[in-house]
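1. only geometry, no sequence info:
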Ligand code: EPZ
């Protein structure tokens, strides 16, 4: 089991290049099988979740040609099966996009109930409601979601909650339904827009992505296309907070600053300098940060996927801060690990009350999920002494070369693949 061995205390300084957006890539890879032609998809992050998605496509007969580390030619032309049942697909959340894509194209799909980070109940009722509204009969049997339709027909769908996954999934399926679909109360995240742009490039007719009403005119077929995935807003935000927490100076390159506005605004509010250019953001922190209040919200609000990272920053800031998690009910599990490092945080329901401390110290901890894991790495880089973080596989699901990028910024972080290696590295970094 891989672990990170980290010695904290050095400010992160330099430039880091951000990769493609994982959560856009997952939707785009799934949607690419809706044509029998080839789609050339660029800027796919090389992380475990996208690997699993590509392997799932191969498991049903689709072809995936890796052109280079971040570019694939994907074709759904040779798909022979609409049932996906690989061991790994059960562990990722975005398996549900294959439901929408296969149902849209073949009017039939069977995929396992989605897994993913354990951050709350994570119901899929809005996905099922949307696909049913398009005319599919959807059943859950033996751990599989089975959807089938004679034909898919456009519908007027009002989402009861703002859901990124359900919005993308219904949009994917509806792009090949007969007639017009309207999705109201749609999610507005940049990756919703990216998947819509990709589908439009394939010949779909989707308008309004990025607003809360998306209008789709179904088309009978889609064609091949070439597409470059947008930069990852959360990877960028994570490095921005890493700069803040270590009192560093980091230029985060290849980003869309507009997508980072809520993150930049909070960093400025707590005392960082944030300088934007066309496709980069520089974060400089020179002194101890200030307290604040933050509530996670759907885009353009402060992202739930940045909640653990801001909590780490506030754990080291002056005064008392309050963080309210309004999207997922179980996203504070990492707080116990921060407390082991000396942070003073109390969780009451969906709120964390943080009494900022002057410093934290290294400890043996484990990553409970992807974003919390990344936040604990940032904490360790700011802590005095050595931290060992277990279960880094969670982090590798969504961050490409995370430790290498941090090392290039001057962080003392090593990847160990055994307990013996951990012992050796602990001596090396001490
Ligand atoms: C996506 O999850 C992301 N995952 C998550 O990123 C991200 O945290 C989340 O959106 C919010 O931005 C992927 O894109 C693969 P939601 P998703 O549907 O689509 C409730 C990461 O770290 N809900 O927007 O599953 C749900 O319980 C991951 O990269 C329903 O009630 O999130 C939650 O409270 C973690 N019924 C809220 O809506 C549904 O049918 C938002 O969930 C669907 C969702």
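-> Yes, it's here. Only a predicted model underlies this, so the values are computations on that prediction, with no experimental measurement involved.

2. and the closest residue to residue 156 other than its chain neighbours, how far from residue 402?
-> Nearest residue to residue 156 in three dimensions, chain neighbours excluded: residue 182, at 4.8 Å (CB to CB, 6 or more residues apart in numbering). Quick note: C-beta positions are derived from backbone N, CA and C, even for glycine. In this view, residue 182 and residue 402 are 40 Å apart by CB to CB, to the nearest Å.

3. give me the contacts around stretch 392-410.
-> The contact list for stretch 392-410 (CB atoms under 8 Å, 6 or more residues apart in numbering) reads 1-4, 10-14, 16-17, 19, 22, 45-49, 92, 117, 234-235, 238-239, 242, 248, 250, 367-371, 373-374, 377, 381, 411, 413-415.

4. go with 6 Å
-> Applying CB atoms under 6 Å, 6 or more residues apart in numbering, the external contacts of stretch 392-410 come out as 2, 4, 10, 12-14, 16, 19, 22, 45-49, 367, 369-370, 373-374, 413, 415.

5. please apply the same query to stretch 353-361.
-> Counting by CB under 6 Å, 6+ apart, 314-315, 317-322, 341-346, 383-385 sit against stretch 353-361.

6. endpoint to endpoint, that stretch covers what distance?
-> End-to-end distance of stretch 353-361 (CA to CA, to the nearest Å): 20 Å.

7. show me what residue of the chain gets nearest to the ligand.
-> Nearest to the ligand in the chain, going by CB to the nearest ligand atom, is residue 165, at a distance of 2.6 Å.

8. just give me the neighbour total for that residue.
-> 23 (other CB atoms under 10 Å).

9. equivalent analysis for residue 125, please.
-> Residue 125: 11 neighbours (other CB under 10 Å).

10. what sits closest to it if chain neighbours are left out?
-> residue 160 (7.9 Å).

11. sorry, back to before: please name the residues that touch the closest residue to the residue of the chain closest to the ligand other than its chain neighbours.
-> Leaving aside its sequence neighbours, residue 165 sits nearest to residue 96 (CB to CB, 6+ apart; 6.0 Å). For residue 96, the contact set (CB under 6 Å, 6+ apart) comprises 114, 127, 169.

12. mind redoing it with 7 Å?
-> Contact analysis of residue 96 by CB atoms under 7 Å, 6 or more residues apart in numbering lists 111, 114, 124, 127, 165, 169.

13. and what of residue 329?
-> Residue 329 sits next to 120-121, 350 when contact means CB under 7 Å, 6+ apart.

14. likewise for residue 84?
-> By CB under 7 Å, 6+ apart, residue 84 lies in contact with 56, 59-60, 98, 111.

15. just the pLDDT at it, thanks.
-> Here, the pLDDT recorded for residue 84 equals 93.

16. likewise residue 111?
-> Per-residue pLDDT puts residue 111 at 94.

17. what parts of this structure come near the ligand?
-> Contacts of the chain with the ligand, taken as CB under 6 Å from any ligand atom, map to 23, 26, 93-94, 117, 120-127, 161, 163-166, 187, 304-305, 327-328, 370-371, 398.

18. which of the residues you listed fall in helices?
-> Among the residues of the chain next to the ligand, the subset assigned to helices under DSSP state H consists of 23, 26, 125-127, 164-166, 370-371.

19. for ChimeraX, what selects the buried ones among the residues you listed?
-> The ChimeraX selection below is limited to those of these classed as buried (16 or more other CB atoms under 10 Å):
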select :23,26,126,127,164,165,166,370,371
